[in-house]
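Asks: the sequence and its predicted three-dimensional model are supplied below.
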Amino acid sequence: MSRVRAATLAAAGLVALAAACADVPPFRCELDEQCGAGGRCEESRACSFADDTCHGGWRYGELGPAEVARRCVGDASGPVSWLAVGSDHTCARTDAGALWCWGDNVSGGLGRDDVGESGTPTPVAGLVDVVDADGGEYTTCAVAGGAVHCWGRGGGGQLGDDGASDRARPGPVPGVEGAVAVDLGEHHGCALDGGGVVWCWGSNGDREAGQPGQPMVMRAQRVSDLPTAIAIAVGGQASCALTGDETWCWGRNAGGQLALGDTAARMRPEPVPAFAGALAVAVGGDHTCAIAADRTVRCAGQNDHGQLGDGTTTDRPAAVTVVDLEDVVELAALDWSTCARTVAGAVRCWGRNDRGQLGDAAGNRATPGPALALPRPAVALTAGENHACALTDDGCAWCWGSDAKGQLGTGKGDDGGAIHPVLLACR
């Protein structure tokens with residue numbers, strides 16, 4: 001008899017005689033204690049037990065409901081091709097083109113209306129062949145079939161549908177056609193179409209949607225005075241677009257996050273000399289970082305937790321170079337922290353770490369820390385407000401940081417720190 005089998009029997013309070021009966025109903029738990037020593041009660045109300053043969057480390061017991069019994073916890077989505085993260089929720093795109101989400105659902109940002117939050121990944125209905133997605137504070141948007149679809153909170157125009165109502169199901173953003181990318185800030189979003197035009201909508205109090213004179217942009221509007229773009233980067237209350245030779249930014253600049261040497265908001269896009277020729281840009285809560293052509297990283301803005309990585313905690317309206325960091329190919333900016341992925345697949349983080357945002361139990365760091373303890377090289381990186389995720393080269397998804405809303409996908413929502421695997425199937 002296996003250890004899992006024995007523990008499951010104990011959790012269910014059954015003896016050998018009961019186990020032999022053909023009509024024993026599935027055992028459903030309410031508390032971890034009901035699952036016996038070492039067991040835990042999952043969101044599905046089935047007991048699970050530690051099993052290192054599962055990529056997430058947990059397997060359902062044999063006496064749970066038939067749909068989960070003996071399966072690795074979280075093995076439902078199929079292989080993961082990339083991840084998208086909101087403030088307190090996470091989504092994954094499967095190889096089949098579907099989008100699965102978990103975490104905060106207070107306004108329907110998970111694409112469901114039956115729970116306030118969920119630590120268990122579930123598919124977003126009505127979406128196929130998704131090519132890009134991103135999350136805001138309570139909102140999610142995805143690109144499929146050339147259209148942008150959004151769902152979740154809509155009171156500030158975040159859904160771009162000319163309305164102000166929340167919606168728990170994907171709906172199109174009118175006026176945007178041929179979209180290839182979407183990126184969200186806290187309460188606004190922007191999309192890039194195949195012709196290099198940038199469209200934005202939502203909150204515009206800091207002119208983050210690029211429309212002077214409008215506190216909210218309820219329907220997607222083209223951002224004027226902007227050359228043809230090849231990529232966009234949106235976060236907090238600021239937006240940026242890369243045109244190849246230049247990086248243009250606009251919106252909030254109270255911390256100096258636009259790297260223009262001052263703290264004045266920009267009503268319209270303005271080129272950022274410090275980020276000229278950047279390979280990629282990541283916008284955090286009130287700071288921005290860019291990968292330079294030599295694959296070093298430069299950051300500007302609020303620096304109270306060391307999120308700029310220059311060894312200080314002094315705000316910098318002019319860009320500074322992150323120390324001891326090279327060969328960077330991808331950046332992810334949290335609200336008060338930053339992570340980078342190198343050519344070799346190492347992930348290193350710096351800044352605030354009160355909830356494990358840096359992937360370990362250390363305190364805040366003003367310079368990049370050691371590589372995270374991932375089992376394989378990382379091939380993708382993304383981040384929310386206080387958590388971040390990486391995809392490793394074997395197709396496994398790993399997240400760390402805050403789990404207060406179930407955004408790590410462990411099914412527990414215990415707000416633990418350090419490295420936690422997102423419970424989705426590996427390749």
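Replies: Yep, it's here.

Asks: okay, CA-based contacts and neighbour counts for the rest of this
Replies: Fine.

Asks: just give me how far stretch 367-381 sits from the chain centre.
Replies: For stretch 367-381, the distance between its averaged C-alpha position and the chain's averaged C-alpha position is 16 Å (CA atoms, centre = their mean, to the nearest Å).

Asks: what residues does the helix or strand containing residue 379 touch?
Replies: With elements taken from DSSP states H and E, the one containing residue 379 is strand 378-383. Outside of strand 378-383, the residues that reach it under the criterion CA atoms under 8 Å, 6 or more residues apart in numbering are 82-86, 330-334, 340-341, 345-347, 388-393.

Asks: go again using 7 Å as the cut-off
Replies: When contacts are defined by CA atoms under 7 Å, 6 or more residues apart in numbering, strand 378-383 is touched by residues 83-85, 330, 332-334, 341, 345-346, 388-393.

Asks: where exactly do the helices run in the stretch 51-200 of the chain?
Replies: Assigned by DSSP state H, counting those that start in this stretch, the helices in the stretch 51-200 of the chain number zero.

Asks: low-confidence ranges, it, go.
Replies: 53-56, 74-78 (pLDDT under 70).

Asks: at 90 instead, please
Replies: Across the stretch 51-200 of the chain, residues meeting the criterion (pLDDT under 90) sit at 51-60, 62-81, 94-96, 115, 118-122.

Asks: where in the stretch 301-427 of the chain is pLDDT low?
Replies: With pLDDT under 90 as the threshold, the stretch 301-427 of the chain has low-confidence stretches at 360-362, 373-375, 393-398, 403, 406, 408-427.

Asks: burial count for residue 403?
Replies: Residues lying near residue 403 (other CA atoms under 10 Å) number 28.

Asks: quick one, phi psi at it?
Replies: phi -130, psi 20 (degrees, to the nearest 10).

Asks: who does residue 282 bridge with?
Replies: For residue 282, the beta-bridge partners under DSSP bridges are residue 289.

Asks: list the residues that contact it.
Replies: If a contact means CA under 7 Å, 6+ apart, then residue 282 has 233, 288, 289, 290, 331, 332, 333 as its contacts.

Asks: for those residues, which single residue is the most surrounded?
Replies: Of those, residue 288 is surrounded by the most neighbours, 33 neighbours in total, counting by other CA under 10 Å.

Asks: wait, it touches residue 297, no?
Replies: No: contact between residue 288 and residue 297 fails when scored by CA atoms under 7 Å: they sit 10.4 Å apart.

Asks: coming back round to it: let's see which of the contacts of strand 378-383 end up in strands.
Replies: With strands identified by DSSP state E, the entries of the contacts of strand 378-383 that belong to them are 83, 84, 85, 330, 332, 333, 341, 388, 389, 390, 391, 392.

Asks: so how far is residue 35 from the third one?
Replies: Taking CA to CA, to the nearest Å as the criterion, residue 85 is separated from residue 35 by 32 Å.

Asks: do the same with residue 372
Replies: Residue 372 sits 32 Å away from residue 35, going by CA to CA.

Asks: partner strands of the strand holding residue 379 and their direction?
Replies: Neighbouring strands of strand 378-383 in its sheet, by DSSP bridges, are strand 387-392 (antiparallel).

Asks: so which bits of stretch 286-306 are buried?
Replies: Along stretch 286-306, these residues count as buried under the neighbour rule (16 or more other CA atoms under 10 Å): 286-292, 295-303, 305-306.

Asks: next: stretch 110-118.
Replies: Result for stretch 110-118 [16+ other CA under 10 Å]: buried residues 110, 111, 112, 113, 117, 118.

Asks: okay, those residues in JSON lines with distance to residue 196 next?
Replies: Compiled in JSON lines, those are given as follows (distance: CA to CA, whole Å):
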{"residue": "110", "distance to residue 196": "29"}
{"residue": "111", "distance to residue 196": "29"}
{"residue": "112", "distance to residue 196": "33"}
{"residue": "113", "distance to residue 196": "35"}
{"residue": "117", "distance to residue 196": "36"}
{"residue": "118", "distance to residue 196": "36"}
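
Asks: let's see if you can find the most crowded of the contacts of strand 378-383.
Replies: Tallying neighbours with other CA under 10 Å puts residue 388 at the head of the contacts of strand 378-383, with 33 neighbours.

Asks: pick out the most distant pair among the ones in strands among the contacts of strand 378-383.
Replies: The most widely separated members of the ones in strands among the contacts of strand 378-383 are 333 and 392, with 18.8 Å between them, by CA to CA.

Asks: excluding its backbone neighbours, what's nearest residue 106?
Replies: residue 116 (4.9 Å; CA to CA, 6 or more residues apart in numbering).
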